[in-house]
Each structure stands twice: as structure tokens, then as C-alpha cells.
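Chemist: predicted model, plus sequence, below.
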Amino acid sequence: MITISENAQQHFVKLLAQQPEGTNIRVFVVNPGTPNAECGVSYCPPEAVEASDTEIKLGMFSAYVDELSLPFLADAEIDFVTDKMGSQLTLKAPNAKVRKVSDDAPLMERVDYVIQTQVNPQLAGHGGHVSLSEITEDGVAILQFGGGCNGCSMVDVTLKEGIEKQLLAEFEGELKGVRDVTEHARGDHSYY
């Protein structure tokens, strides 16, 4: 579920050695399942452990995860990296904003999950996002662009060369195409 690298574990052991005995760590998500989701790690003294917490035992300490955060931390990775700029703890939680869906979930849910976790993070750099409106009976995903994508001169390239190629490869045999239904209007809201 959550992968905590050896470097991160060693880092936590050093930090926990300075805390009262019995203190562990807590990994959590604030506002899970929303665009404002934020992940964090904090100290977890024994009195802060809840009966509904999930305990992840790691060598010299445990990591606790609350019941609400647990599904949003699927595939999360915690690492401690050192580079020219110094050292830092990194926490990657690809499912914090959207709950991971199972492989046998309906096509609409699986496509929306890929859009939220893979496509939108790429579009966010340009102030844009896309949402799935529907999937037609003939297998065409209908998308609605927003933010900086609305009115952008590159939206057709983004749709055909980026999003469509990615979704058709991911859902080969299930999706036949991707179509944009956005009324693109140029203006101050556009990125370009």
C-alpha cells in the first residue's frame, strides 16, 4: 500500500529518537478525494492511535494511517532524497485527489480516474483541466476543457496528439475516440 524507502525509514528513526518513547509516525491526507487534497506525515504518540487506524510495521517504528485517508494513500511512496540542493522528504500519493478504482470498475469510472490522475496533472502546468462528460454508446469519450485550455490555440493538438492517444492506448478495444464539446472562447482566462 504505502512504500517507505530505506532512506526515509532511516530518516524517521533519527527523528523519532528525539521524541518520547513509543512515538511513531502518522501518514494522512487532508481533504482526500478533492482537488485540494494534501498529504502529510506527523509524529504519532501512543495516545493518538485510534482503534480504526491501520498500522504499517517497519523495523524500528510503525506508520499509522487513519481510516478516511487509507484508500487515498494506495500506491503512495515516501522517500528521503539528497541532491546538490540538500536533503528532503518526498511524499508521492497519486490517488490522494481521486480514489483508486478497481480494474473491473465501469469504463466511465476508469477513464475518469486516468483523466484525474494522469491527464489533468499535465494540463495543470498551463492552468487547464479536462473533465469527462460522458462516454457514448459507440465508445467515444466526450470531454469538457476548462481553465487555461478554454480558448487555447493548441487545444486541438492537446486533444488529438495527447489526450486521445493516451486514452486509446490505455483503453484499447473499449474506447474508439475522444471528442471535445467545449465552447472555446478566447479571452483573459486563456493561457495563450
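Modeler: That came in fine, so what should we check first?
Chemist: in the worst-scoring helix or strand of the chain on mean pLDDT, what counts as buried?
Modeler: The weakest-scoring helix or strand in the chain, judged by mean pLDDT, DSSP states H and E, is helix 155-157 (a mean of 77). Applying a neighbour-count criterion of 16 or more other CB atoms under 10 Å, one finds residue 155 buried in helix 155-157. Where you see a C-beta, it was placed from the backbone N, CA and C, and this is true even at glycine.
Chemist: what do you get for stretch 86-99?
Modeler: By neighbour count with 16+ other CB under 10 Å, stretch 86-99 contains the buried residues 91, 93, 94, 95, 96, 97, 98.
Chemist: isn't the fourth one up against residue 118?
Modeler: No - the pair residue 95 and residue 118 does not pass the contact test of CB atoms under 8 Å, sitting 11.6 Å apart.
Chemist: and the helices in this structure?
Modeler: 6-16, 107-114, 120-124, 155-157, 165-170 (DSSP state H).
Chemist: for the first one, which positions count as buried?
Modeler: Residues of helix 6-16 classed as buried: 8, 9, 11, 12, 16 (neighbour count, 16+ other CB under 10 Å).
Chemist: just give the nearest non-adjacent residue to the fourth one, would you?
Modeler: Counting by CB to CB, 6 or more residues apart in numbering, residue 25 is the residue found nearest to residue 12 once chain neighbours are left out, at 5.8 Å.
Chemist: residue 49 versus the one you found, what's the distance?
Modeler: To residue 49, residue 25 is 11 Å away according to CB to CB, to the nearest Å.
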